[in-house]
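S.K.: model this:
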Amino acid sequence: MNLAEQIRLIRKSKGLSQKEVALNLEMDQSQYSRIENGRSDPYFSTIEKIAKALGVDLSELFASNTNWEVQSVDKTVMEKVHFIESLEKKEREAFYIILDAFLAKERLKNSLQSALQEID
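M.R.: Numbers count the residues shown, from 1 in each chain. Below is the predicted model of the structure:
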């Protein structure tokens, strides 16, 4: 199960609408819908906000099945998520800034590669 599916599953299990979650996030409902449908990759800081809005630990968004059990292939990711959750708020914010910058760089690189392929 991917992140988008997990977010949707948790939201539905909590009886929340997309509009309610989006309002809690101070985000446009259409943007939240794109995240939940896998058409938009949120920044890590946004993922943390979604976890808070859904009332779950960040690690639950990365759980692999509906029983919230982590499969062995995900254990290293989960260890990192737990470490991030243990950081002080300012340290987490600094980490998210760095991670978001890296993700933005990768998205830009991928967009440029796609644009160059279209030109060829």
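
S.K.: from now on I want contacts and neighbour counts done on CA atoms only, so please keep to that.
M.R.: Noted.

S.K.: the spatially closest residue to residue 92 that is not a sequence neighbour sits in which helix or strand?
M.R.: Beyond its immediate neighbours in the sequence, the residue positioned closest to residue 92 (CA to CA, 6 or more residues apart in numbering) is residue 84, lying 6.4 Å away. With elements taken from DSSP states H and E, the one containing residue 84 is helix 75-86.

S.K.: swap in residue 53?
M.R.: Using DSSP H and E, residue 53 sits in helix 44-54.

S.K.: now residue 32
M.R.: Assigned by DSSP H and E, residue 32 belongs to helix 29-36.

S.K.: what of residue 7?
M.R.: Secondary-structure element containing residue 7, defined by DSSP H and E: helix 3-13.

S.K.: got a pLDDT number for the residue nearest the centre of the chain?
M.R.: With the centre of the chain defined as its mean C-alpha position, the nearest residue by CA atoms, centre = their mean is residue 47, 3.4 Å away. Looking at residue 47, its pLDDT reads 91.

S.K.: show me the contacts for the nearest residue to it once chain neighbours are set aside.
M.R.: Of all residues not flanking residue 47 in the chain, residue 58 sits nearest, at 7.6 Å (CA to CA, 6+ apart). Residue 58 makes contact with 47, 48, 51, 52, 81, 85 under the criterion CA atoms under 8 Å, 6 or more residues apart in numbering.
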